[in-house]
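Asker: Show me how the following folds:
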Amino acid sequence: MAKPRYVVLDRDGTLIYERHYLSEVAQVELLPGAIEGLKQFLAMGCQLVVVTNQSGIGRGYFDEARLGQIHQRLRSLLAAEGIDLAGIYHCPHHPDDGCHCRKPAPGMLQQAALDLDFELCHCIVIGDKPCDIELGQAVGATTVLVRTGYGAEVAAQGATQPDYVVQDLRAAADTLQHYFLTVRGLSQ
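Answerer: Numbers count the residues shown, from 1 in each chain. Purely as a prediction, here's the structure:
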């Protein structure tokens with residue numbers, strides 16, 4: 001049996017609305033197109049993983065327990081729509097800490113690949129910031145910039161060179177359906 005394909009998602013600005021150092025559970029709100037896109041990825045046989053920089057912990061704005069509550073809320077919103085995440089990985093470090101896990105460094109993605117048994121070069125990395133695209137490029141993955149969150153500004157500035165630029169997660173799934181069926185030869 002073939003291994004499942006993995007779609008690696010940024011959290012803030014890609015899956016949920018961008019909030020400045022999101023620390024309130026009540027502020028977790030899915031972006032338009034997110035549910036439809038995730039359901040389409042699942043229908044294509046993909047598994048979903050979230051990788052997110054959370055320097056608010058390193059800055060002392062909130063703690064791991066609060067982040068756990070936020071992620072439980074995210075999982076609940078998705079579960080209500082029949083969507084399950086294979087994993088959520090986060091970097092709690094301050095940008096100046098020089099860790100190996102803060103995007104665009106590949107630590108979180110490498111850990112996800114180890115835990116879930118997938119090849120980094122065969123995954124899709126989707127996000128709204130240059131660090132998301134650089135993460136994907138660092139491991140040889142296909143990259144998608146969404147115009148949600150900071151993505152429209154990033155695309156307009158040409159701040160990064162992803163493989164694809166799309167409106168939202170729904171458009172990402174539509175675009176990548178061809179990729180899964182043709183480009184990588186990973187037909188179902």
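Asker: Doesn't residue 47 lie inside a strand?
Answerer: Yes: counting by DSSP: H, G, I helix; E, B strand; the rest coil, residue 47 is part of a strand.
Asker: which regions of the chain sit below the pLDDT cut-off?
Answerer: 1-2, 179-188 (pLDDT under 70).
Asker: quick one, helices of the protein?
Answerer: 34-43, 55-58, 64-79, 107-116, 130-138, 151-157, 169-178 (DSSP state H).
Asker: Can you lay out these as a markdown table showing mean neighbour count and distance to residue 24?
Answerer: Quick note: C-beta positions are derived from backbone N, CA and C, even for glycine. A markdown table is the format used below for those (neighbours: other C-beta atoms under 10 Å; distance: least, C-beta to C-beta, whole Å):
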| stretch | mean neighbour count | distance to residue 24 |
| --- | --- | --- |
| helix 34-43 | 20 | 19 |
| helix 55-58 | 18 | 11 |
| helix 64-79 | 16 | 8 |
| helix 107-116 | 18 | 23 |
| helix 130-138 | 23 | 23 |
| helix 151-157 | 16 | 23 |
| helix 169-178 | 20 | 23 |
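Asker: right, and those helices - which one's nearest residue 94?
Answerer: helix 55-58 (3.5 Å; C-beta to C-beta).
Asker: Quick one: distance of the closest one to the chain centre.
Answerer: Distance of helix 55-58 from its chain centroid, counting by C-alpha atoms, centre = their mean, to the nearest Å, is 18 Å.
Asker: One more: stretch 64-74?
Answerer: Relative to the centre of its chain, stretch 64-74 is centred 16 Å away, using C-alpha atoms, centre = their mean.
Asker: now do stretch 27-34
Answerer: Mean C-alpha position of stretch 27-34 versus that of the full chain (C-alpha atoms, centre = their mean) differs by 13 Å.
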